[in-house]
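Q: prediction below, plus the sequence it came from.
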Amino acid sequence: MKKNYRIIAALAASMVMLCACGKEAATETATTEASTEATADEAAQSDAQTSADAAAEGASGSIDVSGLEAVTLNDVDIDSLVKLGEYKGITLDLKKTEVTDEDVENSLNSAYSQNPNMKEVTDRAIESGDTANIDFVGKYADTKEEFQGGTGQGYDLVIGSGSFIDGFEDGLIGVKTGETVDLNLTFPEDYGAADLAGKDVIFTVTVNSIKVADTEPSDEWVKGLGLEDVENMDQFRAHLRAELEADADTQYNEDLKNAAVEMVADNATVDEIPEKLYNRYYIQMVDSLKSYVQQIAYTYGAQVSEMEYVQTVMQNNGLTGTPEDYLNDLANQQTKRIMVLQAIANKEGIEVSQETIDKYIQEDYDNYFKSSYGTIDEFKATFETEDYREQIMAEQVADFLVENANISE
């Protein structure tokens with residue numbers, strides 16, 4: 001499937017926003033819109049839902065979108081389908097999050113827990129929670145032959161982290177620096193590597209050093225972070241506060257844009273959501289979902305289908321209904337939003353130049369895809385330029401709405 005970072009990020013944000021903002025939205029089917037447009041929307045959304053239901057193989061399976069036909073906004077007469085309501089001078093009542101001393105301390109503690117100052121222990125053996133620097137060699141118990149991936153040098157292992165197979169970390173408790181031990185272990189029957197699953201092995205492990213984390217951060221630890229003009233705890237706290245305030249500003253601006261888009265979409269009436277346009281955003285959403293599920297499998301080794309993941313998200317957020325209804329509702333809302341935004345762009349003469357599109361593509365290539373594609377032309381071959389035009393248009397219209405809004409803090 002063709003992928004696009006900005007589109008995927010935007011659709012993922014839409015899923016998160018809907019989870020957080022309204023449990024009712026996820027429990028509604030794709031045929032429930034505002035009362036003023038219910039009759040017209042129900043027919044269009046029913047057709048769109050039929051396409052999506054045919055593509056979904058069930059709550060426990062993958063989602064097949066290969067048979068769905070899609071068109072872009074350029075293929076649709078947006079102005080004849082969208083009746084805009086109020087979009088200039090709307091009132092946005094949002095408060096920016098204030099950064100507190102507690103927030104700064106929490107950020108400090110989090111930073112320290114992830115990268116604590118380590119001190120070496122020389123007067124005792126390994127205990128649970130220690131970080132042991134080890135060399136190890138793994139061999140099959142019967143042949144004494146080393147197996148692939150079973151050797152390491154200078155590896156920092158947190159005892160009790162569960163990073164290695166059962167028995168490995170517990171087997172190092174009580175071992176002192178400089179000592180070598182043989183650990184007779186067995187790989188799990190369901191281990192991912194077939195040549196190791198259920199096999200008896202021997203790990204020969206040498207402990208190079210034992211370290212523990214200092215209980216409190218210090219000026220010395222701060223200096224080791226290598227931050228410019230930050231050499232002590234007070235300066236680091238000021239640095240963290242500035243970062244948190246910058247994050248709060250960014251989040252506030254995003255919240256304003258999201259609120260503005262939601263408001264003008266609610267104020268507008270969409271007479272019809274074309275099925276093939278709906279398919280476009282449904283496919284993009286599924287592509288995003290598939291990428292995320294693959295990332296979960298790669299990072300955590302957890303094998304779940306798209307529908308299983310959606311079901312889990314719904315359960316964790318207390319949402320009812322079926323995964324199909326949830327995804328249909330998301331895609332319908334996304335389609336309506338982008339149609340309304342394009343209608344505003346048309347009315348206000350907001351156009352995205354090819355120069356701007358090329359700039360965004362270059363930025364994405366340089367920042368995210370340069371290592372994957374030898375040239376930018378190879379990267380461009382993986383997506384449609386219209387993907388970029390639509391997303392940039394949406395960003396520009398959202399900025400326009402906020403610039404022309406009455407903001408009450």
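A: Here it is on my side, so go on. Numbering: from 1, shown residues only.

Q: per-residue pLDDT, the residue lying closest to Gly160 once chain neighbours are set aside?
A: Using C-beta to C-beta, 6 or more residues apart in numbering and skipping residues adjacent in sequence, the residue nearest Gly160 is Ser128, 4.5 Å away. Yep, even glycine has a C-beta here, placed from its N, CA and C like the rest. Model confidence at Ser128, given as pLDDT, is 95.

Q: and for Gly22?
A: Reported pLDDT for Gly22: 35.

Q: re earlier: quick one: contacts for the residue nearest to Gly160?
A: Ile159, Gly160, Ile173 (C-beta atoms under 8 Å, 6 or more residues apart in numbering).

Q: is it true that the second one touches Ala132?
A: No: between Gly160 and Ala132 there is no contact, the gap being 10.7 Å when judged by C-beta atoms under 8 Å.

Q: with neighbour numbers in mind, choose between the two.
A: Each of Gly160 and Ala132 has its neighbours counted (other C-beta atoms under 10 Å); Ala132 has more, 23 against 13.

Q: quick one, phi/psi of the more buried one?
A: The phi/psi pair for Ala132 (degrees, to the nearest 10) reads phi -100, psi 130.

Q: per-residue confidence for it?
A: At Ala132, the model reports a pLDDT of 96.

Q: what do you get for Ala381?
A: Here the pLDDT value assigned to Ala381 is 94.

Q: and it, how far from Tyr365?
A: 12 Å (C-beta to C-beta, to the nearest Å).

Q: looking at these two, which is more packed in?
A: Comparing Ala381 with Tyr365 by other C-beta under 10 Å, the one with more neighbours is Tyr365, at 19 against 10.

Q: ok so the more buried one is a strand residue?
A: No: using DSSP: H, G, I helix; E, B strand; the rest coil, the assignment for Tyr365 is helix, not a strand.

Q: how about it, what does it touch?
A: Per C-beta under 8 Å, 6+ apart, neighbours of Tyr365: Tyr373, Ile376, Phe379.

Q: and the last one, what element?
A: Under the criterion DSSP states H and E, the helix or strand holding Phe379 is helix 376-380.

Q: which residues does that helix contact?
A: Residues outside helix 376-380 that contact it (C-beta under 8 Å, 6+ apart) are Ile361, Gln362, Asp364, Tyr365, Phe369, Ser372, Tyr373.

Q: could you report the separation of the nearest residue to the fifth one once chain neighbours are set aside from Tyr191?
A: Counting by C-beta to C-beta, 6+ apart, the nearest residue to Phe369 once its immediate chain neighbours are dropped is Phe379, at 5.2 Å. With distances taken as C-beta to C-beta, Phe379 is found 37 Å from Tyr191.

Q: comparing those two, which residue is more hemmed in?
A: Neighbour count, other C-beta under 10 Å: between Phe379 and Tyr191, Phe379 has more, with 18 against 14.

Q: what's the average pLDDT for the lengthiest helix in the chain?
A: Ranked by residue count under DSSP state H, the longest helix found in the chain is helix 233-267. For helix 233-267, mean pLDDT rounds to 96.

Q: still on that earlier bit, export the contacts of Tyr365 as CSV, with columns for distance to Tyr278.
A: CSV is the format used below for the contacts of Tyr365 (distance: C-beta to C-beta, whole Å):
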residue, distance to Tyr278
Tyr373, 31
Ile376, 31
Phe379, 28
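
Q: low-confidence stretches in the stretch 51-200 of the chain?
A: For the stretch 51-200 of the chain, the stretches with pLDDT under 70 are 51-60.

Q: in it, which spans are strands?
A: Applying DSSP state E, counting those that start in this stretch to the stretch 51-200 of the chain gives strands spanning 82-83, 91-93, 118-120, 131-140, 146-158, 180-186, 200-213.

Q: again with the stretch 301-409 of the chain
A: Assigned by DSSP E, counting those that start in this stretch, the strands in the stretch 301-409 of the chain fall at 406-408.

Q: just the helices in it please.
A: Taking DSSP state H, counting those that start in this stretch as the criterion, the stretch 301-409 of the chain contains helices spanning 306-316, 323-348, 354-364, 376-380, 385-403.

Q: how about TSV for these, with distance to Val261 added?
A: As requested, the helices of the stretch 301-409 of the chain are exported to TSV (distance: least, C-beta to C-beta, whole Å):
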stretch	distance to Val261
helix 306-316	22
helix 323-348	6
helix 354-364	19
helix 376-380	28
helix 385-403	6
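
Q: most neighbours per residue, which of the ones you listed?
A: helix 323-348 (a mean of 22; mean count of other C-beta atoms under 10 Å).

Q: average model confidence for that helix?
A: Helix 323-348 shows a mean pLDDT of 95.

Q: pick the one among the contacts of Tyr365 closest to Asn258.
A: Closest approach between those and Asn258, by C-beta to C-beta: Phe379, at 28.9 Å.

Q: tell me how far the closest one lies from Glu120.
A: Distance, Phe379 to Glu120, by C-beta to C-beta: 47 Å.

Q: what of Gly85?
A: If you go by C-beta to C-beta, the gap between Gly85 and Glu120 works out to 67 Å.

Q: these two: which is more packed in?
A: Set side by side, Gly85 and Glu120 show more neighbours around Gly85, with 15 against 11, by other C-beta under 10 Å.
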